[in-house]
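*Asks:* Quick check, what structure comes out for this input:
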Amino acid sequence: MAFSKTRKFKFGTAVFSTALLLSGCSFTSDALWPSLSGDEPQEEAAPQAGAAKAEGSEVMAAAGQPALSTTNFEPVKVSAGAPTGTFVGEKVVQLRRELQASQAKIQAHNAELQEARVKTVQDSQRYHGTVAAINARLQVGTTPGNPILVQQFTNAQTELERISSDITLMNQLANRVAEDSTMSAYLQESTQAAFGLSGAVDEDHAQLAILQDEVRRTVVMIERLLKEVSEDVRRQTTYLSTERANLNTLLAGVKTGEIYGQSLVNRTFRTEQPVTSSTGAVTSRRPLVVIRFDRPTVSYQQPLYSAVNRVLERRPGAAFELVAITPNIGGPAQVAVNSNNSRRSAEQVLRSLTEMGLPSSRISMSARSSAQAQSNEVHLYLR
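*Replies:* Got it, this is the predicted structure:
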């Protein structure tokens, strides 16, 4: 099997298989599954690399990272009130001070939040820029294990960990805001209870009514602040987990000099209920991919990724079977040697799939001999 070192897919026309019909889901004519061999290659369109350059949250959105919220939380200044000289009047002064302290915390938390957002955007720009540079180099073609890309990958890991640290800071901020939310609820109850205190004059109740409205607005603002920060943390944490899996797949691409795409694990677990046939049986034994190990080095990773990715786009719950095919050629000793070699080849393909993000629990393995095979082969079937 010979594939060009460029990032363009190149499959031999003589070894293309026909479109596979999955149970409950048919593929159109562009969903041809390759049989990988040493035939003369033909070019196929290369995938697009990287996200376009953008600023701020546009970079995050373009790369699939959820954008941060944008609200600026600035509480309305607490109204002043003249002392009345009554016990209730003193209570109003005390409650007003507590409200001012609560609003000062909101202002401090808001400043932390805006700073964290700016830092997250900056770290995201650096991370996505590095990943885009790696993918761009892989797209035009490069050598396996290119040290420049290895260093860029290390930088991408560091930058992703900075985003993780940003999320940790935002989560700590959410915890502090949650404490303030508890205190603001207590302040609201205390303000309401002050109406029932004896010894008040009309001015005390008038000031209490104004204070109560301001406390309510402050409580609402704290709740909005807590909700917004918590939602940002939740979305960014989910994204971080997804991107770490994508980095594993990117590393596999750097090792082989091939461009893949997003981790297969992100497609595999995209839906909670896998699609299966009514009987649970495989409706066709036509292989998705045939890899012929008829030479020392077989570059099968990119078309293998493409084939599995197409299946998972339509059936996110799909499982697969790798079959090691041994040519039934020669005496028993030669067949035994071929069998060991084909099994090792299947294990190599299994490692490639797991590096691409496909969980090993979704892959089963078996072996058989074939009188038609001229070399060791690995077949990938939909299970």
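*Asks:* Check the protein and tell me which residue is nearest its centre.
*Replies:* Thr242 (2.2 Å; Cα atoms, centre = their mean).
*Asks:* secondary structure class for that residue?
*Replies:* Classification of Thr242 by DSSP: H, G, I helix; E, B strand; the rest coil places it in helix.
*Asks:* now swap in Pro144 and tell me
*Replies:* Under three-state DSSP, Pro144 comes out as coil.
*Asks:* cool, Leu197 as well?
*Replies:* coil.
*Asks:* so it makes contact with Phe87?
*Replies:* Yes. With contacts counted by Cβ atoms under 8 Å, Leu197 reaches Phe87, the gap being 7.0 Å. (C-beta placed from N, C-alpha, C; glycine too.)
*Asks:* circling back: mind checking pLDDT for the residue nearest to the centre of the chain?
*Replies:* On pLDDT, Thr242 comes in at 82.
*Asks:* Please apply the same query to Val265.
*Replies:* 58.
*Asks:* now do Met183
*Replies:* The model's pLDDT for Met183 equals 88.
*Asks:* got a list of what the residue lying closest to it once chain neighbours are set aside touches?
*Replies:* In space, and not counting its chain neighbours, Met183 is closest to Ser102: 6.5 Å by Cβ to Cβ, 6 or more residues apart in numbering. By Cβ atoms under 8 Å, 6 or more residues apart in numbering, the residues touching Ser102 are 180, 183-184, 187, 218, 222.
*Asks:* and the residues you listed, which are buried?
*Replies:* Neighbour-count burial (16 or more other Cβ atoms under 10 Å) applied to those gives 180, 184, 187, 218, 222.
*Asks:* which ones are touching the last one?
*Replies:* This points to Ile222. 102, 106, 177, 180-181, 184.
*Asks:* which one of those residues sits closest to Thr71?
*Replies:* Ile106 (12.0 Å; Cβ to Cβ).
*Asks:* give the contact list for the closest one.
*Replies:* 73, 75, 180, 218, 221-222, 225.
*Asks:* before we move on, what about Lys105?
*Replies:* Counted by Cβ under 8 Å, 6+ apart, Lys105 has contacts Asp180.
*Asks:* and it, how far is that from Leu138?
*Replies:* As judged by Cβ to Cβ, to the nearest Å, Lys105 and Leu138 stand 48 Å apart.
*Asks:* ok so, going back, take the buried ones among the contacts of Ser102 and write them to a markdown table, including distance to Ile134 and secondary structure.
*Replies:* Below are these laid out as a markdown table (distance: Cβ to Cβ, whole Å; DSSP: H, G, I helix; E, B strand; the rest coil):
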| residue | distance to Ile134 | secondary structure |
| --- | --- | --- |
| Asp180 | 42 | helix |
| Ser184 | 47 | helix |
| Leu187 | 52 | helix |
| Thr218 | 47 | helix |
| Ile222 | 42 | helix |
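*Asks:* now those residues in TSV, with distance to Ala373?
*Replies:* Shown next, in TSV, are the buried ones among the contacts of Ser102 (distance: Cβ to Cβ, whole Å):
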residue	distance to Ala373
Asp180	70
Ser184	73
Leu187	78
Thr218	75
Ile222	69
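*Asks:* picking up where we left off before, wasn't the residue nearest to Met183 part of a strand?
*Replies:* No. Counting by three-state DSSP, Ser102 falls outside a strand, being helix.
*Asks:* From Pro359, how far off is it?
*Replies:* According to Cβ to Cβ, Ser102 and Pro359 sit 48 Å apart.
*Asks:* hang on, the earlier thing: save the contacts of Ser102 as a markdown table, and put in distance to Val308 too.
*Replies:* A markdown table is the format used below for these (distance: Cβ to Cβ, whole Å):
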| residue | distance to Val308 |
| --- | --- |
| Asp180 | 49 |
| Met183 | 53 |
| Ser184 | 52 |
| Leu187 | 57 |
| Thr218 | 54 |
| Ile222 | 48 |
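*Asks:* hmm, who's touching stretch 248-267?
*Replies:* 5, 7, 46-47, 49, 131, 134-135, 138-139, 141-146, 149-150, 153, 156, 242, 245-246, 299, 301-302, 305, 308-309, 312-313, 316, 352-353, 355-359.
*Asks:* Of the residues you listed, select the buried ones using a ChimeraX command.
*Replies:* ChimeraX command restricting the contacts of stretch 248-267 to the buried ones, with burial defined by 16+ other Cβ under 10 Å:
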select :7,46,47,49,131,134,135,138,139,142,146,149,153,156,242,245,246,299,301,302,305,308,309,312,316,352,353,355,356,357,358
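*Asks:* about what we covered before: kindly provide the distance from the residue nearest to the centre of the chain to Gly89.
*Replies:* 57 Å.
*Asks:* now swap in Ala67 and tell me
*Replies:* With distances taken as Cβ to Cβ, Ala67 is found 48 Å from Gly89.
*Asks:* Tyr260 now?
*Replies:* Distance from Tyr260 to Gly89, by Cβ to Cβ: 71 Å.
*Asks:* who are the neighbours in contact with Asp180?
*Replies:* By Cβ under 8 Å, 6+ apart, the contact set of Asp180 is 102, 105-106, 109, 222.
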